[in-house]
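**Q** Using only what follows, build the 3D model:
(one chain, ligands or ions: 1)
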Amino acid sequence: MAMALRWRGCARLVFHRSGSRALHLGPLEQPDSSQAQSQPESKFTNFGFREVPEQEKSKLVGEVFSNVASNYDLMNDLMSGGLHRLWKDRLVSKLAPFPGMQHLDVAGGTGDVAFRVVDAIQKAEQRVPGTTLADADEEDQTRVYVCDINPNMLEVGKKRAKERGLGNAACLVWMEGDAEALTLKDESVDGYTIAFGIRNVTHIDRALKEAYRVLRRGGRFLCLELSHVSTPGFKEMYDAYSFNVIPRMGEVVSGDRASYQYLVESVRKFPNQERFGSMIADAGFKEVEYENLVGGVVAIHSGFKL
Ligand SMILES: C[S@@+](CC[C@H](N)C(=O)[O-])C[C@H]1O[C@@H](n2cnc3c(N)ncnc32)[C@H](O)[C@@H]1O
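**A** Have a look, this model is predicted:
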């Protein structure tokens, strides 16, 4: 009941399916078909340790997440010993969500980060009387957009939202879409998060430019990602765990060794903390910094659009 009252202004489900890119394409992402036609030979990129034509990566990544969607949350708990929950808590505490916020969680999958953002906003509302969503005009209301390229992951997320009493919450907007070509308008969100997602996109630089485009001035980019461990001793232990235990766990729990083999390989191919930080700065972000957690097993990168 308390939940229903708090979320009175949020009583309608907005489901925005954005498979089409036509809605609000920014200048950065106009598709350039002439260029595609004049360069028939493909460029290559990594898919784990394999080199694949760029245009195939997205399909292969799609297959991975379609395969793992139903066991995704269980596997996250098993692989990280539950630590991913604390890492996501840390990410959202850095974001400092506030009532009325327009937030975009990209590669949002089954909603873990978005639910935390919504919870944090609810808590903030309780602390500041008179700022409930119910009092706000429709336009000013909080929106937490969950964007993911994979409909199977989003379906699991929507089911979880229902279980949390957020099934009809207008403030939670599920969008099928690509991090490299977001359908939100320029300068339309206050915050952008991406957790364990950017490693999977084909062109990281394009995803970063899109993050920059949709953020308002003063808005913050935050990325939680598996990263690089360099401490001698710990690195060897972590590598042994990653390559020997995780794929086997995937095989036992999901009957899918290959997807988890991809996961551990993709982490090794992802740019290290410093390199990724400079990519964020190249996209235009200022005050770029990162925080290592568990010795660099994961890192949270941050940047502001100023
Ligand atoms: C490891 S999951 C992370 C899900 C969630 N953020 C979490 O932390 O639990 C990676 C997600 O990235 C999504 N993804 C991969 N490539 C994407 C892209 N180009 N655009 C948007 N989402 C993408 C996948 O579908 C998948 O749901």
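**Q** contacts and neighbour counts: CA atoms only from here.
**A** Fine.
**Q** so where do the helices sit in this structure?
**A** 2-6, 33-38, 54-68, 72-80, 83-95, 112-127, 151-163, 204-214, 234-240, 246-254, 257-269, 273-282 (DSSP state H).
**Q** now the ones you listed in JSON lines, with distance to Ile194, mean neighbour count and mean pLDDT?
**A** Formatted as JSON lines, the entries for the helices of the chain read as follows, by distance: least, CA to CA, whole Å; neighbours: other CA atoms under 10 Å; pLDDT from 0 to 100:
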{"stretch": "helix 2-6", "distance to Ile194": "27", "mean neighbour count": "12", "mean pLDDT": "32"}
{"stretch": "helix 33-38", "distance to Ile194": "28", "mean neighbour count": "9", "mean pLDDT": "39"}
{"stretch": "helix 54-68", "distance to Ile194": "16", "mean neighbour count": "17", "mean pLDDT": "92"}
{"stretch": "helix 72-80", "distance to Ile194": "16", "mean neighbour count": "15", "mean pLDDT": "94"}
{"stretch": "helix 83-95", "distance to Ile194": "10", "mean neighbour count": "17", "mean pLDDT": "98"}
{"stretch": "helix 112-127", "distance to Ile194": "9", "mean neighbour count": "19", "mean pLDDT": "93"}
{"stretch": "helix 151-163", "distance to Ile194": "15", "mean neighbour count": "18", "mean pLDDT": "96"}
{"stretch": "helix 204-214", "distance to Ile194": "10", "mean neighbour count": "22", "mean pLDDT": "98"}
{"stretch": "helix 234-240", "distance to Ile194": "23", "mean neighbour count": "13", "mean pLDDT": "96"}
{"stretch": "helix 246-254", "distance to Ile194": "22", "mean neighbour count": "18", "mean pLDDT": "94"}
{"stretch": "helix 257-269", "distance to Ile194": "15", "mean neighbour count": "19", "mean pLDDT": "95"}
{"stretch": "helix 273-282", "distance to Ile194": "13", "mean neighbour count": "17", "mean pLDDT": "98"}
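**Q** which helices and strands does the longest strand belonging to the chain pack with?
**A** Longest strand of the chain, by residue count under DSSP state E: strand 215-226. If contacts are counted by 3 or more CA pairs under 8 Å, 6 or more residues apart in numbering; DSSP states H and E, strand 215-226 sits against helix 83-95, strand 189-195, strand 298-304.
**Q** Up against the ligand, what does the protein have?
**A** When proximity is defined as CA under 6 Å from any ligand atom, the chain approaches the ligand at 65, 106-109, 112, 148-150, 153, 177-180, 195-197, 200-201.
**Q** if you set the cut-off to 5 Å instead, what comes out?
**A** Applying CA under 5 Å from any ligand atom, we find that the chain lies next to the ligand at 107-109, 148-150, 178-179, 195-197, 200-201.
**Q** on that earlier part again, between the helices and strands packed on strand 215-226, which one is closest to Val61.
**A** Between Val61 and the helices and strands packed on strand 215-226, the shortest separation by CA to CA is 15.5 Å, and it involves strand 189-195.
**Q** If I look at Phe285, what pLDDT would I see?
**A** Per-residue confidence for Phe285 comes out at a pLDDT of 98.
**Q** Ok, the one 3 residues further on next?
**A** You'll see Val288 listed with a pLDDT of 98.
**Q** how far away is it from Phe221?
**A** The spacing between Val288 and Phe221, counted by CA to CA, to the nearest Å, is 9 Å.
**Q** Neighbour count for the two, which is higher?
**A** For Val288 and Phe221, the more surrounded residue by other CA atoms under 10 Å is Phe221, and the numbers stand at 25 against 18.
**Q** how close does that one get to the ligand?
**A** 14 Å (CA to the nearest ligand atom, to the nearest Å).
**Q** Please name the residues that touch that residue.
**A** Contacts for Phe221 were tallied using CA atoms under 8 Å, 6 or more residues apart in numbering; they are 191-193, 211-212, 301-305.
**Q** that older thread, figure out which of the helices and strands packed on strand 215-226 is closest to Phe234.
**A** Set against Phe234 and scored by CA to CA, the helices and strands packed on strand 215-226 come closest in strand 298-304, at 13.6 Å.
**Q** May I have the closest one as PDB, with CA atoms only?
**A** What follows is strand 298-304, C-alpha atoms only, in PDB (Å, rounded to 0.1, in the frame of the first residue of the first chain):
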ATOM      1  CA  VAL A 298      35.700  -4.500 -11.800                       C
ATOM      2  CA  ALA A 299      36.100  -0.700 -12.300                       C
ATOM      3  CA  ILE A 300      33.700   2.100 -12.200                       C
ATOM      4  CA  HIS A 301      34.500   4.800 -14.700                       C
ATOM      5  CA  SER A 302      33.000   8.200 -14.400                       C
ATOM      6  CA  GLY A 303      32.900  11.400 -16.600                       C
ATOM      7  CA  PHE A 304      30.800  14.500 -16.700                       C
END
